[in-house]
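Colleague: this is a predicted model, with the sequence first.
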Amino acid sequence: MVDSYSVSYSFEQNFDFLPKAAYNWCIDYKPDDWSLMGKKGSRKIKRINEDTLILTDTVTGGDGPVTKKRLVRLDPERLSWTNTHISGPNKHSQFWYRITGVGKGKSKLEFIGHQVNYGKVPSAKSIEKLADELRADDSGLWRLLSVEMGKDFGAKAR
């Protein structure tokens, strides 16, 4: 058995949009999605059926390009979706997303992440620190996406 460990974390992101509209925007995957998050990358989207797709993302960072393949399962009735890494450095990681209403014309994203890391298992304190870093990084990306969502909805209202 390969040494591995899981890092779990969660956060919420508020949106100034109706839940169904926010959900539809979030699952409308496009090849240039990484640019919305201020990153250099590309995305290939392969639809398997109406509620299943494969995303192949290549993102360039300080350590060079990293490619991840993800299985995305959509649940429109619950306004939720899962994202499971099927290849890449964090293979077998799984992320859960759900949009809920929080008032008139508003919604929020609920996110739960379970990232699998490979290598020697660090101390509990180190895992907790990594969870804090992942939460900060991912919630920061969703704050950027919330701004982009507002730009898109504002453009459609004109």
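Modeller: It's in.

Colleague: how far away is residue 29 from residue 76?
Modeller: According to CB to CB, to the nearest Å, residue 29 stands 14 Å off from residue 76. (C-beta placed from N, C-alpha, C; glycine too.)

Colleague: same question, residue 153
Modeller: Distance of residue 153 to residue 76, given as CB to CB: 19 Å.

Colleague: which one of those two is surrounded by more residues?
Modeller: Between residue 153 and residue 76, counting by other CB atoms under 10 Å, residue 153 is the more crowded of the two (16 against 13).

Colleague: now do the contacts for the more buried one.
Modeller: If you count contacts by CB atoms under 8 Å, 6 or more residues apart in numbering, residue 153 has them with 17, 21, 25.

Colleague: can you tell me which of these are buried?
Modeller: Using 16 or more other CB atoms under 10 Å as the burial test, the contacts of residue 153 include 17, 21, 25 as buried.

Colleague: which ones are touching residue 132?
Modeller: Per CB under 8 Å, 6+ apart, neighbours of residue 132: residue 9.

Colleague: I meant residue 119, not that one.
Modeller: Taking CB under 8 Å, 6+ apart, one finds 3-4 in contact with residue 119.

Colleague: the same query, at a cut-off of 6 Å, please.
Modeller: By CB atoms under 6 Å, 6 or more residues apart in numbering, the contact set of residue 119 is residue 3.

Colleague: quick one: it and residue 24, what's the gap?
Modeller: Counting by CB to CB, the gap from residue 119 to residue 24 is 38 Å.

Colleague: over to residue 35?
Modeller: From residue 35 to residue 24 the distance is 20 Å (CB to CB).

Colleague: tell me how many other residues surround residue 81.
Modeller: Residue 81, neighbours per other CB under 10 Å, totals 20.

Colleague: for residue 63, that is, sorry about that
Modeller: Residue 63 - counted by other CB under 10 Å - has 7 other residues nearby.

Colleague: and what of the one 10 residues further on?
Modeller: Using other CB under 10 Å, residue 73 has 13 other residues around it.

Colleague: with residue 62 instead?
Modeller: Each residue near residue 62 was counted by other CB under 10 Å, and the total is 4.

Colleague: what helix or strand does residue 120 sit in?
Modeller: Element membership of residue 120 [criterion: DSSP states H and E] is none; it lies in no helix or strand.
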